[in-house]
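Visitor: Can you look at this prediction? I've put the sequence above it.
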Amino acid sequence: MNYDLIVIGSGPGGYVSAIRASQLGLKVAVVEKAELGGICLNWGCIPTKSLLKSASVFDYLKHAQDYGITIEGEAKPDFEAMVKRSRGVADGMSKGIQYLFKKNKIDIIQGSGKLLTNKTVEVTKEDNSKEEVTANNILLATGARSRQLPNLPQDGVKVIGYRKALTLDKQPESMIVVGSGAIGSEFAYFYNTIGTKVTLVEFMPTVVPVEDEEVSKQLGRSFKKAGIKVMTAAEVTNVDTSGEKVKVIIKNKKGETEHEADIVLSAVGITPNLENLGLEETGVELEKGKIKVDDYYQTSVEGVYAIGDIVHGPALAHVASAEGIICVEKLAGQSPEPLDYGNIPGCTYTYPEVASVGMTEKAAKEAGHDLKIGKFPFTASGKASAAGHKDGFVKLIFDAKYGELLGAHLIGANVTEMISELVLARKLETTGHEIIKAVHPHPTMSEAVMEAAAAAYDEVIHM
């Protein structure tokens, strides 16, 4: 059968693209070598959030007396049950994709896909048999995997990546997490909360280093308060797995120190899955280790497209989905707007949560803007006080001349649910005064957005 579109990979870029293409009347097939839903649904976004929810519930139980509740006996984490629950959540989501494919009449071809030409995909099955499938267009959405560092080789037992961290047989007594981006910080929070002794090592001067500096410093303080040993401006120089425990040499400005742990989790980024795709043979150009594409994700080869972690841009599930929708709408004859990469939200699901969009204060100054900055702490929020979650703040950055919202940086409970208001505000070119005059419900955490805007213009009421 000849298809209008073959998608290689069924992660949040691939499966969303396939469904949107089918909605637009295209005949679609998806080639997938593993579980439907890709890394995000099976080994990333979804199962980690399940584990983080378990940690959050356990933390509530530990502090039940703060809310006037007495629990007889001691609450204890059941690590095996937490892992089992997270796998069940992931499996359910994967089956949901299967249902959506059936509903949208999308064919699933199980196996590994490789370009033979710009119209032909070779699929290698699990038994090594091969099948050729043709299409007018081919979309590459193969995602990425855990990055391996030469000085931090993963053996899958004592030095592991994020995937293994989701399915350990037993809870480690101690863990060293290397890298404090979203993945490293979330695992550090989870394991620390359920009782593992955690050391978090970050090469940059602050944790979550891509965030606004004030947010990064606040999260570092919150982590330390929670019992995580945070080592910033530090790097792992040697790992010894020969003994019962892992011995790690960590270097910082004070020199080198030796640390022991049951497990080392390497969370130092990801590597795009570009191998065995037939890129070189078909002439698909790379640029700095990723596939080169135009504004609508066509590669250097006509009819071949690429989205997600294998192209330049933030390696985020929602980015891949947005890219895929734009891509298939364009090839279906519509006129979508190119994606605005300056308005992509980022979220880290620790406690406190972190969410941001747009420029940091440093980036805005470097871009030459005169700034008005408003900051509202959750210590001044009635809802935050009632909920017992007063850590954090909302920080908004405006252009002083035009009132444009340049950036928003939030840290606190549930701020990942609040950031969308600010993404939409930036999309609609909302000004600071418009945010101030938009009535926010009381009592809510989101009032802090209005108050932060008011603080930027010296109109704040509750501070």
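Guide: That came through, no problem.

Visitor: Relative to residue 338, how far out is residue 159?
Guide: Applying CB to CB, to the nearest Å, the value for residue 159 to residue 338 is 41 Å. Bear in mind the C-beta positions are built from the backbone N, C-alpha and C, glycine included.

Visitor: Mind checking what helix or strand follows the lowest-mean-pLDDT helix or strand in the chain in sequence?
Guide: Lowest by mean pLDDT, DSSP states H and E among the helices and strands of the chain is helix 38-43, with a mean of 86. Once the chain leaves helix 38-43, the next helix or strand it forms, by DSSP states H and E, is helix 45-62.

Visitor: Show me what secondary structure element comes after that following helix.
Guide: Downstream of helix 45-62 (by DSSP H and E), the next one is helix 79-103.

Visitor: which helices and strands does that next one pack with?
Guide: helix 14-23, helix 38-43, helix 45-62, strand 107-110 (3 or more CB pairs under 8 Å, 6 or more residues apart in numbering; DSSP states H and E).

Visitor: pLDDT at the nearest residue to residue 162 once chain neighbours are set aside, what is it?
Guide: Using CB to CB, 6 or more residues apart in numbering and skipping the chain neighbours, the partner closest in space to residue 162 is residue 183 (5.3 Å). pLDDT recorded at residue 183 is 94.

Visitor: Checking my notes, residue 183 in a helix, right?
Guide: Yes - counting by DSSP: H, G, I helix; E, B strand; the rest coil, residue 183 is found in a helix.

Visitor: Please name the residues that touch the nearest residue to residue 253 once chain neighbours are set aside.
Guide: Of all residues not flanking residue 253 in the chain, residue 233 sits nearest, at 6.2 Å (CB to CB, 6+ apart). Residues near residue 233 by CB atoms under 8 Å, 6 or more residues apart in numbering: 202-205, 252-253.

Visitor: and residue 233, what element?
Guide: Using DSSP H and E, no helix or strand contains residue 233.

Visitor: picking that back up, what about residue 159 and residue 338, which has more around it?
Guide: Set residue 159 next to residue 338 and count neighbours by other CB atoms under 10 Å: residue 159 wins out with 22 against 12.

Visitor: hang on, the more buried one packs against residue 153?
Guide: Yes - assessed by CB atoms under 8 Å, residue 159 is found in contact with residue 153 at 6.5 Å.

Visitor: tell me, what's touching the two both at once?
Guide: Taking CB under 8 Å, 6+ apart as the contact rule, residue 159 and residue 153 both touch residue 239.

Visitor: Isn't residue 15 up against residue 98?
Guide: No - look at residue 15 against residue 98 with CB under 8 Å: they stay out of range, at 9.9 Å.

Visitor: Same drill for these two, tell me which one is more crowded.
Guide: More crowded of residue 15 and residue 98, by other CB under 10 Å: residue 15, with 30 against 16.

Visitor: Could you list which residues are in contact with the nearest residue to the more buried one once chain neighbours are set aside?
Guide: Distances taken as CB to CB, 6+ apart put residue 97 closest to residue 15, at 5.3 Å, once the chain neighbours are dropped. Residues in contact with residue 97 (CB under 8 Å, 6+ apart) are 10, 15, 36-37, 41.

Visitor: Distance of residue 97 relative to residue 91?
Guide: 11 Å.

Visitor: on that earlier part again, tally of neighbours for the residue nearest to residue 162?
Guide: There are 23 residues near residue 183, going by other CB under 10 Å.

Visitor: ditto for residue 225
Guide: Around residue 225 there are 9 residues (other CB under 10 Å).

Visitor: From residue 397, how far off is it?
Guide: 26 Å.

Visitor: packing partners for the strand or helix carrying residue 362?
Guide: Here residue 362 is covered by helix 361-366, with elements defined by DSSP H and E. Packing partners of helix 361-366 (3+ CB pairs under 8 Å, 6+ apart): helix 213-226, strand 371-377, strand 393-399, strand 405-412.

Visitor: repeat that with 7 Å
Guide: Counting contacts by 3 or more CB pairs under 7 Å, 6 or more residues apart in numbering; DSSP states H and E, helix 361-366 packs against strand 371-377.

Visitor: partners of the strand it packs on, with directions?
Guide: Neighbouring strands of strand 371-377 in its sheet, by DSSP bridges, are strand 393-399 (antiparallel).

Visitor: can you pull the contacts of the most centrally placed residue in the chain?
Guide: For the chain, residue 316 is the residue whose C-alpha lies nearest the centre (CA atoms, centre = their mean; 5.2 Å). Residue 316 makes contacts with 344, 346, as judged by CB atoms under 7 Å, 6 or more residues apart in numbering.

Visitor: how close does it get to residue 181?
Guide: For residue 316, the distance to residue 181 - CB to CB - is 11 Å.

Visitor: what's the answer for residue 24, then?
Guide: 35 Å.

Visitor: the more surrounded of these two?
Guide: residue 181 (20 against 16).

Visitor: Let me see the backbone angles for that one.
Guide: As for residue 181, its main-chain torsions (degrees, to the nearest 10) stand at phi -70, psi -170.

Visitor: State the distance from it to residue 298.
Guide: 30 Å.

Visitor: Could you break this structure into its assigned domains?
Guide: As recorded under automatic domain parsing, the domains making up the chain are 2-145+271-341, 159-268, 352-456.

Visitor: Could you point out which of those domains sits nearest residue 463?
Guide: domain 352-456 (4.9 Å; CB to CB).

Visitor: Quick check: end-to-end length of the closest one?
Guide: One end of domain 352-456 sits 23 Å from the other (CA to CA, to the nearest Å).

Visitor: same check, this time on stretch 259-276
Guide: 39 Å.

Visitor: circling back: residue 462 is nearest to which of the domains of the chain?
Guide: domain 352-456 (5.3 Å).

Visitor: So what's the gap between that closest one and the chain middle?
Guide: 21 Å (CA atoms, centre = their mean, to the nearest Å).

Visitor: Stretch 330-339 too?
Guide: Distance, centroid of stretch 330-339 to centroid of chain: 26 Å (CA atoms, centre = their mean).

Visitor: Contacts for the lengthiest strand in the chain, please.
Guide: Counting residues, the longest strand found in the chain (DSSP state E) is strand 130-140. Strand 130-140 has contacts (CB under 7 Å, 6+ apart) with 2-8, 17, 29, 109, 115-116, 118-125, 277, 291, 303-307, 310, 327, 331.
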